[in-house]
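>>> Provide a 3D model corresponding to the input given below.
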Amino acid sequence: MAEPGSIRFVLDALTRFTEQHVKVITLDAVANLVEDTPRRTGWARSNWVPSIGTSADLDGTPPADDQSSAAVGQRSAEREAGIAAIVTGYRLSLGRIYITNNVPYIQRLNDGHSKQAPAGFVQAAILRAVRGAFVAGDQTL
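Modelled structure (predicted):
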């Protein structure tokens with residue numbers, strides 16, 4: 001343990017503070033993205049998967065209609081596993097956090113091709129998460 005007032009102590013505290021804020025922003029961003037993504041089958045919504053160090057390499061090809069429900073449930077479970085990994089194990093030293101959606105039509109949805117969400121909903125969801133972390137201050141920690 002670093003001595004209070006030492007540079008190492010300050011750096012350790014800053015690292016913990018930053019890691020906690022990254023976790024909060026990630027959780028809020030994922031929740032916002034899931035909520036804001038237009039829904040027809042639920043496939044695009046279920047494909048927001050966070051990961052540490054590299055983007056999630058998941059097949060975003062929509063499943064056949066008769067397999068849709070099971071596939072959505074499986075992908076949602078993968079998202080929850082990614083969230084758990086971030087909450088329990090994220091450290092700055094592990095690298096960036098990615099929130100990936102490999103659905104081939106996600107860009108079209110973000111461009112406004114659905115009446116359910118405005119163009120730029122992805123950027124808006126992330127911005128709300130960032131603003132929320134800093135407006136709420138220590139209450140989010």
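
>>> which parts of the chain are strands?
Counting by DSSP state E, the chain has strands at residues 49-52, 97-100.

>>> any idea how far the one residue sitting closest to the centre of the chain is from Ala64?
Geometric centre of the chain, nearest residue: Val30, 3.5 Å, by Cα atoms, centre = their mean. From Val30 across to Ala64, the span is 27 Å (Cβ to Cβ, to the nearest Å). (Glycine included, C-beta is placed from N, CA and C.)

>>> count of residues packed around the nearest residue to Ile126 once chain neighbours are set aside?
In space, and not counting its chain neighbours, Ile126 is closest to Ala29: 5.0 Å by Cβ to Cβ, 6 or more residues apart in numbering. A total of 23 residues lie near Ala29 under the criterion other Cβ atoms under 10 Å.

>>> beta partners of Ser51?
Note on Ser51: beta-bridge partners by DSSP bridges are Tyr98.

>>> wait, what's in contact with it?
If you count contacts by Cβ atoms under 8 Å, 6 or more residues apart in numbering, Ser51 has them with 82, 85, 97-98, 100.
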